[in-house]
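> Sequence first, predicted model second:
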Amino acid sequence: MFKRPLEESEAVAPPQKSIKIEESDGNPTMSSHQIKEMMANAQRMIEERKRALIGRPMGSILAVPGMVTSQISVVIPPVVKQELIPSFEGDKKLKLAELQAQIQSKLAAGVLAKLDMVDGEFNKKPVPLLLDNEGRAIDVSGNQILFPQHQPTLKANIRAQRKDFKGTSSQGSHELNAAQEESRTNKYFDDRLAPVTAKARAKKTLKFNDPGKYVALAHRQRMQAQLTRLQDEIAEKARKTGISTAARLAKLSGAVASSSASGEKSVEYIPQVEWWDSLLLEEKESDGKEVVTYDSPVKDGSVTKLIEHPTQLRCPTEPLDPPLVPVFLTKKEMKKLRRQNRRETWKEKQEKIRLGLEPSPAPKVRISNLMRVLGVEAVQDPTKVESHVRKEMAKRLKSHVDANISRKLTPEQKKQKKAQKISEDVSLGVHVNVYRVDDLTNQSKKFKVDTNAKQLTLTGCLLLFRDCNLVVVEGGPKQQKKYKKLMMSRIKWEEDSVKDKEGTPNKCVLVWEGTVKERAFSELKFKLVQTEEQAREFLKKHGVENYWDLALSGSVLETIIDT
């Protein structure tokens, strides 16, 4: 039996000698001497074929696929017909036949063709490597040999390969940066053509906490909580005893905080001499300093027999021209005046018609006076006359509607008229109202306060504080009248109770109203503050910190009265 039968296409050259095969019992058999002779003939044929191929020019030698050596060897296997390869009896004969079939198949596939034969034996020495001037591997013909590259499959090897690639790329980036710096120094370099390089992401490392870090943090938080609780207790006791209220009131009234060494209570500072009297008194020496007191002598020439009459200045809020007092007419007088004006207009129109300046108007014919005006014409063709009269009536109605539409204001004109009606002239003085609300957390009431102020074009601020909410509005007298009615009457503040004070109804108090020279705010602003200092500092930027002092002092006094 054959391991792999050979086809006719695999036969390259016919055998030069025939091998005599003996037959016994119908099966071909070969002796060991015949096998050795057959192998020697095959090797001799291979050597002759090699010498024949080496003698040819290089262009006529066919390249064997997969060849990477510098010398080209072509082995042409001998033709062995299928019927010439017998099957032996016994283990040795069977193994020999299988080995022969494997050799023939490898020769046909070109596996053993890559090996060189020297004196009929395979050459096991390494093939010499040919290199060109650039150090690249080449074959006998001078072509470059491309060796297959090894690609790792394990993840550990892949990561190591990437790491090596990053190292080489970083080195290349340093070289690129150096080249860029060198190119920027060139006067012909254009920054718009500079290459954009991505920043290398920093590698994350482990960060270990120091021993005792979170223990110290917890201890600090416990101490902070204990301090806060102690401050709350002190504030509660001070509120119950009235110490905090008295301190706030003293701060607002300008009292001196420090007391004298004798234990005397601090009082409000009163100067020794008022500034208007200091101009008339002389300075005298007291304790090595020159001071002015009421015991000082009067300056010579400061008091005379002449009486000074200062010039009266005009009030800045007073208009230059006296205002005109409007005259109000009764209903009867208004009707009489309208009748007279219409009669004068009718007379003037009649005069123009009489002089020929205007055409006489067509008769105003209606269905009711049709027969009286037209007479005979209406009797002759009443249908025609009636259609004509109806057309005239429709024409007059259309002209009347068009005149009304032409007099109608556009949306922009309506908006301008409404704004002009609400706005007032505050060039001579601005009216200011200051309100204090105990609690302004109700969103509905806060919306009314804000929206009405914007609709009336009022400026000012809404200062939100936990104990004292301040509302300052600036505008004209009519605007302030409407807004005051809203704050004091329309909004029902007593419906809500003050936050954190159960049973205490909310209220709104008018702290101050008056006039100032100019506005302090350009628009209506909302400001939420946490402390009294922040509120006063915000109003101080606009130069109206006295509003806060008035409102807060009133709130403190009410707290004292209630307690």
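Yes, it's here.
> Now do the SS call for the closest residue to G476 other than its chain neighbours.
Spatial nearest neighbour of G476, chain neighbours left out: E424 (2.8 Å); criterion: C-beta to C-beta, 6 or more residues apart in numbering. For the C-beta atoms, the positions are set from N, CA and C on the backbone; glycine is no exception. Following DSSP: H, G, I helix; E, B strand; the rest coil, the label given to E424 is coil.
> what about the strands in the stretch 201-350 of the chain?
Secondary structure of the stretch 201-350 of the chain (DSSP state E, counting those that start in this stretch): strands located at 284-286, 289-291.
> same thing with the chain?
Listed in chain order, the strands of the chain (DSSP state E) span residues 22-24, 27-29, 117-118, 121-122, 130-131, 137-138, 284-286, 289-291, 430-437, 459-464, 469-475, 508-516, 524-528.
> Would you mind giving those strands as TSV with distance to P148, mean pLDDT and mean neighbour count added?
Below are the strands of the chain laid out as TSV (distance: least, C-beta to C-beta, whole Å; pLDDT from 0 to 100; neighbours: other C-beta atoms under 10 Å):
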stretch	distance to P148	mean pLDDT	mean neighbour count
strand 22-24	50	43	9
strand 27-29	45	50	13
strand 117-118	26	50	12
strand 121-122	24	51	9
strand 130-131	18	78	12
strand 137-138	12	82	15
strand 284-286	113	71	11
strand 289-291	107	73	10
strand 430-437	88	94	22
strand 459-464	79	93	22
strand 469-475	85	94	25
strand 508-516	93	93	15
strand 524-528	75	91	13
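> can you tell me which of the ones you listed comes nearest to R396?
Proximity to R396 (C-beta to C-beta) singles out strand 469-475 among these, at 48.3 Å.
> quick one: strands adjacent to that closest one?
Under the criterion DSSP bridges, strand 469-475 sits next to strand 430-437 (antiparallel), strand 459-464 (antiparallel) in its sheet.
> Now render those strands as TSV, adding distance to W346.
Listed next are the strands paired with strand 469-475 as TSV, based on distance: least, C-beta to C-beta, whole Å:
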stretch	distance to W346
strand 430-437	48
strand 459-464	51
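> for those, which one sits closest to A535?
Of all those, strand 459-464 comes closest under C-beta to C-beta, at 5.6 Å.
> would you put the C-alpha positions of that closest one in PDB?
The C-alpha coordinates for strand 459-464 follow below in PDB (Å, rounded to 0.1, in the frame of the first residue of the first chain):
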ATOM      1  CA  THR A 459     -35.100 101.900  41.300                       C
ATOM      2  CA  GLY A 460     -33.700 100.700  44.600                       C
ATOM      3  CA  CYS A 461     -32.700  97.500  46.300                       C
ATOM      4  CA  LEU A 462     -34.300  94.600  48.300                       C
ATOM      5  CA  LEU A 463     -31.900  93.600  51.100                       C
ATOM      6  CA  LEU A 464     -32.700  90.200  52.500                       C
END
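> any residues touching that strand, and which ones?
With contact meaning C-beta atoms under 8 Å, 6 or more residues apart in numbering, strand 459-464 is reached by 432, 440, 446, 449-450, 453, 469-475, 519, 521-529, 535, 538-539, 542, 548.
> redo that, cut-off 7 Å
For strand 459-464, the surrounding residues in contact (C-beta atoms under 7 Å, 6 or more residues apart in numbering) are 440, 449-450, 453, 469-474, 519, 521-529, 535, 538.
> Please apply the same query to stretch 396-414.
For stretch 396-414, contacts defined as C-beta under 7 Å, 6+ apart pick out K417.
> for stretch 149-159, same thing?
Counting by C-beta under 7 Å, 6+ apart, Q161 sit against stretch 149-159.
> That one: end-to-end distance?
17 Å (C-alpha to C-alpha, to the nearest Å).
> How far off centre is that stretch?
Averaging C-alpha positions (C-alpha atoms, centre = their mean, to the nearest Å) puts stretch 149-159 45 Å from its chain's average.
> try stretch 430-446
34 Å.
> quick one: V471 and V437 touch, right?
Yes: if you go by C-beta atoms under 7 Å, V471 and V437 touch, sitting 6.4 Å apart.
> one step back: so which of the strands paired with strand 469-475 is nearest R490?
Using C-beta to C-beta, the nearest of the strands paired with strand 469-475 to R490 is strand 430-437, at 13.3 Å.
> Tell me how far stretch 398-410 lies from the chain's centre.
Computed by C-alpha atoms, centre = their mean, the chain-centroid distance of stretch 398-410 equals 51 Å.
> Same question for stretch 482-497.
How far stretch 482-497 lies from its chain's middle: 41 Å, per C-alpha atoms, centre = their mean.
> Next: stretch 212-227.
Put simply, stretch 212-227 sits 37 Å off its chain's centre (C-alpha atoms, centre = their mean).
> pLDDT averaged over that stretch - what is it?
On average, the pLDDT along stretch 212-227 is 93.
> and if you look at stretch 104-111?
For stretch 104-111, mean pLDDT is 64.
> hang on, the earlier thing: count of residues packed around the residue nearest to G476?
17 (other C-beta atoms under 10 Å).
> Can you tell me how far it is from P477?
To P477, E424 is 7 Å away according to C-beta to C-beta, to the nearest Å.
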